[in-house]
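>>> quick check, what structure comes out for this input:
(chains A, B, C and D)
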Protein chains: 2
Amino acid sequence: MQRTNFGEMACSIARTLDVIGEPWSPLVLRDVYAGFTRFEQIQADLGISRKVLTERLNHLVDQGVLERRPYDQRPRFEYVLTEKGTELVDLLMVMVRWGDKWLAGQAGAPLLYRHHACGEISSVDLRCAHCGEPMHAGDVDLLPGPGAAS
Amino acid sequence: MQRTNFGEMACSIARTLDVIGEPWSPLVLRDVYAGFTRFEQIQADLGISRKVLTERLNHLVDQGVLERRPYDQRPRFEYVLTEKGTELVDLLMVMVRWGDKWLAGQAGAPLLYRHHACGEISSVDLRCAHCGEPMHAGDVDLLPGPGAAS
DNA sequence: CCCCTAAGTTCCTTCAAGAGACTCCATGAC
DNA sequence: GTCATGGAGTCTCTTGAAGGAACTTAGGGG
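Sure thing, here's the model as predicted:
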């Protein structure tokens, strides 16, 4: 599909898309996070083509998001999140928040999060890492950084 | 590319992907947010095929993320974020945060955010909407919600 | 020895992305 | 009035990715 290589752009969004922007990749990540860690489990859960799943898993492993490791003497493998991959789950949580708000049918949210710290069913909110106040689209100015394109 | 229709899955991630999961869509959203609001501007900035850009813009308008409106007596149009689209920018901010941390080269972040509330160059952090404490992958339990698949 | 299972691999068809040429239409210049 | 201009698409053709299904491989169990 995307023959254009986003990874070379001077844009962190494009570079992130280069890692998880291919179709199915976020859902594969979700499955691993949710405990579907083996090839057959993920394939059955998503209904994805085996060929495409192989490509996606290899790419996520190459990018350091997942780790492939044996779980048996036989050639059996499971995929687990690396630290890099675990932090990428933040992205999924924001997707869930937005999808729950804007796209959930009358049935309501299909999945809920209980927050360990407070024990409540909740969702994520974006805050400034510096001052802790809300930080959304309208709360910031955009400035070119050191890695900006010439 | 993705011939599979994610929109029907009982998963807010899949449904969100149905809106902005196609290649280029997040970058189109970024451009509109950054002030590239016209067809020619976006096409020139991204280097995207005109055909694909037409498809993406139409889809984003259909989904209520962008609004297409005339800015001249002549048939000239610009695209602006709706409220739904503005909240979707949260997703981009989290992608930027992750990309800056894990993928920026030695050149550093290509784009910086200055937070209005505190005036500092900062980035987003995920907090519990309920108690305000950090909320990441390991801080929650997953529970089936009312809209869960049978 | 044969079968089973997990984890891929191969092959074929269909459809989307990329690239570039072409159209349409209102205005401004001559 | 005619022509050039420029924004916003539309059309056409080629390449390659997604979907689907059959096939392969390697070890274990009966």
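>>> what sits against the residue nearest to A:Gly47 when sequence neighbours are not counted?
In space, and not counting its chain neighbours, A:Gly47 is closest to B:Thr4: 7.4 Å by CB to CB, 6 or more residues apart in numbering or on different chains. No exception for glycine: its C-beta is placed from N, CA and C like everyone else's. By CB atoms under 8 Å, 6 or more residues apart in numbering or on different chains, the contact set of B:Thr4 is A:23, A:47-48.
>>> switch the cut-off to 10 Å
By CB atoms under 10 Å, 6 or more residues apart in numbering or on different chains, the residues touching B:Thr4 are A:23-24, A:27, A:46-49, A:52, B:14, B:18.
>>> list the buried residues for the longest helix along chain A?
Longest helix of chain A, by residue count under DSSP state H: helix A:83-102. Across helix A:83-102, burial judged by 16 or more other CB atoms under 10 Å in any protein chain shown covers A:84-100, A:102.
>>> same question for stretch A:98-117.
Those buried within stretch A:98-117 under the rule 16+ other CB under 10 Å are A:98-100, A:102-104, A:109-113, A:115.
>>> where is pLDDT lowest across these?
Taken together, the buried residues of stretch A:98-117 show their lowest pLDDT at A:Ala104, with 83.
>>> surely that one meets B:Pro146?
Yes - using CB atoms under 10 Å, A:Ala104 makes contact with B:Pro146 at a distance of 9.1 Å.
>>> the buried residues of stretch A:98-117 also near chain B: which ones?
Filtering the buried residues of stretch A:98-117 for proximity to chain B by CB under 10 Å from any CB of the partner chain leaves A:98-100, A:102-104, A:109-113, A:115.
>>> what does stretch A:70-88 rub up against?
A:16, A:19-20, A:25-26, A:28-29, A:31-33, A:36-42, A:57, A:60-61, A:63-69, A:89, B:94-95, B:97-98, B:101-103, B:126, B:136-138.
>>> so which of these also contact DNA strand C?
Filtering those for neighbours of DNA strand C using CB under 7 Å from any atom of the strand leaves A:38-41, A:57, A:68.
>>> got the phi and psi for A:Glu78?
phi -130, psi 160 (degrees, to the nearest 10).
>>> before we move on, back to that, can I have the buried ones of the contacts of stretch A:70-88 as a PyMOL selection?
Paste this into PyMOL to select the buried members of the contacts of stretch A:70-88, with burial taken from 16+ other CB under 10 Å:
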select buried, (chain A and resi 16+19+20+25+26+28+29+31+32+33+36+37+39+41+42+57+60+63+65+66+89) or (chain B and resi 94+95+97+98+102+103+126+137)
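>>> can you tell me which of the contacts of stretch A:70-88 end up in strands?
A:66-69, B:126 (DSSP state E).
>>> returning to what we had before: what pairs with the helix or strand following the longest helix of chain A, parallel or antiparallel?
Sequence order places strand A:111-115 as the next helix or strand after helix A:83-102, per DSSP states H and E. Strand pairing for strand A:111-115, using DSSP bridges, gives strand A:121-122 (antiparallel), strand B:140-144 (antiparallel).
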